[in-house]
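# What would the 3D arrangement of this be:
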Amino acid sequence: MADTTWGGAATSSRHLYVDLHVHSAESDGTFTPRQLVDYAVSKQLYAFALTDHDTVSGLDTAVTYAKDKPVLCIPGIELSTEYAGKDVHILGLFLDYHKPSFVSRLRDFCSSRDARNEKMARLLTKAGFPIQIEELRQKYGDAVLTRAHFADAMLEKGFIRTRQEAFDKYIGDSCPYYVPREKVTPIDGIRLIKDASGTAVFAHPMLCHLPRPQLESLIGQMKEAGLDGIEAYYATYSSADEQQVLAWARRYGLALSGGSDFHGDNKPGQDMGCGFGNLRIPADILPALQSCARQTP
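Alright, predicted model coming up:
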């Protein structure tokens, strides 16, 4: 645990826990990358991974800022893919995110999100909820736009009473104005992470809402494609969920990962390092995850 390749010099014995799934304002979180570093220090974490949706734009700031802090900042990403009509998210950890081929492929990968956002804005506007991509860009700059940004805009314009109402009635899965992304598969996501010499992790598999046999089949397919790990510890898991994911990890030889999926104020009560209070992710899962990145050609 002494390797500090990815960040600061976290060597105190008090740093026993990590959080490998955290978002910043570069996607749909509310903390800046620097604020996340400081918050991780205040939570006495050994390490955290910045895993913004489909972007690495906050990594230089976070990794550089963490170098003189008592916490490791692991460069990561969360890729949004689709399988059998369901969202499947793949985390990349320990990325060589400056690698030219990765940067180029990530740009192509993200084009499907941009196309989806344009279509969703047109549908909402036609339905009487005028949302313009240009106004979102003006407010959020270069941040990756997600449905959370649409929900915020709808709330600010008075179209809804709460952010959750946007997802429940309008832009959540299967809602009238939800637009799925062009088909980018989990296998595509794994290949992209491997192109960045990273560790590929299946994020919160229990949130895919796939039938159990289909979900297990997907894990097998992803393992064959190079999947390294699975998110066994997650903020919203029940004890039964965690035990099921641990069983899959054993069955398919996958390294264990875990995270809070912290988004700041955009997910109230879901805190960094501890989720809703009961989440504890041991730091000793890091060596196996990092070794998967080192083994990447």
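
# Next, the buried residues of the host helix or strand of Ser291.
Here Ser291, judged by DSSP states H and E, is contained in helix 286-295. Residues Leu286, Leu289, Gln290, Cys292, Ala293 are the ones in helix 286-295 that count as buried (16 or more other CB atoms under 10 Å). For the C-beta atoms, the positions are set from N, CA and C on the backbone; glycine is no exception.

# so the third one sits right up against Gly198, yeah?
No: look at Gln290 against Gly198 with CB atoms under 8 Å: they stay out of range, at 10.2 Å.

# any common contacting residues for the two?
Leu93, Phe94 (CB atoms under 8 Å, 6 or more residues apart in numbering).

# Longest strand in this structure, please.
When the chain is parsed with DSSP state E, its longest strand is strand 72-83.

# and the next helix or strand after it, average pLDDT?
Scanning forward in sequence from strand 72-83 by DSSP H and E, the next helix or strand is strand 86-93. Throughout strand 86-93, pLDDT has a mean value of 95.

# now swap in stretch 134-143 and tell me
87.

# Just the buried positions in that stretch, please.
Leu136, Tyr140, Ala143.

# distance of the first one from Ala148?
Read it as Leu136. Look at Leu136 and Ala148: by CB to CB, to the nearest Å, they are 11 Å apart.

# Do you have the helices of the stretch 1-150 of the chain handy? List them.
Counting by DSSP state H, counting those that start in this stretch, one finds helices in the stretch 1-150 of the chain at the ranges 33-42, 59-66, 100-126, 133-140, 147-156.

# residue contacts, the residue positioned nearest the centre of the chain?
Closest residue to the average C-alpha location of the chain: Glu78 at 3.5 Å, with CA atoms, centre = their mean. By CB under 8 Å, 6+ apart, the contact set of Glu78 is His21, His23, Ser27, Thr51, Asp52, His53, Asp54, His89, Ile90, Leu91, Gly92, Ala203.

# please redo it, this time with the cut-off set to 6 Å
Shown here is Glu78, whose contacts under the criterion CB atoms under 6 Å, 6 or more residues apart in numbering are Thr51, His53, His89, Leu91.

# what's around Val245, how many residues?
25 (other CB atoms under 10 Å).

# same check, this time on Asp265
So Asp265, with other CB under 10 Å, has 9 neighbours.

# Show the pLDDT at the closest residue to it other than its chain neighbours.
Nearest non-adjacent residue to Asp265, counting by CB to CB, 6 or more residues apart in numbering: Thr30, 4.5 Å away. At Thr30, the model reports a pLDDT of 95.
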